[in-house]
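Peer 1: From the sequence below, what's the structure:
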Amino acid sequence: MAGELVELLREGLLTGLLALAPILVVGLGVGTLAGLVQSATGVHEPLLGLVPRLVAMAATILLVLPWVVERLADLFRDCMIGP
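Peer 2: Below you'll find the predicted structure:
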């Protein structure tokens, strides 16, 4: 019983990490590009880094939402049915 619980916890953490990874990677990439542009132009306005990052992350959420829901449904199904 304890082994199954540990396996279920591991699968839940892995699924959560995989669900968040695309959003975080896009946010990191866009934030880095915005920082480079701000450094190159000398304009250090906080909104110039925040707005593109938020838009890119929102678009990524909309794009990966079906995949994330499918993964979470699979995890829920595995939890209810069992091994």
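Peer 1: From the centroid of this protein, which residue is nearest?
Peer 2: Leu20 (2.2 Å; CA atoms, centre = their mean).
Peer 1: Next one, pLDDT for that residue please.
Peer 2: On pLDDT, Leu20 comes in at 95.
Peer 1: Let me know the helix or strand that it is in.
Peer 2: Using DSSP states H and E, Leu20 maps to helix 2-41.
Peer 1: ditto for His44
Peer 2: With DSSP H and E as the test, His44 turns up in no helix or strand.
Peer 1: I'd like to know how many residues surround it.
Peer 2: By other CB atoms under 10 Å, 10 other residues sit near His44. Glycine gets a C-beta too; all of them are placed from N, C-alpha and C.
Peer 1: repeat for the one 5 residues further on
Peer 2: Neighbouring residues of Gly49 were enumerated by other CB under 10 Å; the total is 18.
Peer 1: Repeat that for Val64.
Peer 2: 18.
Peer 1: Quick check: the gap between the nearest residue to it once chain neighbours are set aside and Met1.
Peer 2: Setting aside the residues directly before and after it, Val64 is nearest to Pro22 in space (CB to CB, 6 or more residues apart in numbering), at 5.0 Å. Pro22 sits 34 Å away from Met1, taking CB to CB, to the nearest Å as the criterion.
Peer 1: can you check Thr32 too?
Peer 2: For Thr32, the distance to Met1 - CB to CB - is 46 Å.
Peer 1: next one: Met57
Peer 2: Met57 is 39 Å from Met1, by CB to CB.
Peer 1: Those two: which has the busier surroundings?
Peer 2: Legend: neighbour count by other CB under 10 Å for Met57 and Met1, higher for Met57 (18 against 5).
Peer 1: Thanks a lot, catch you later.
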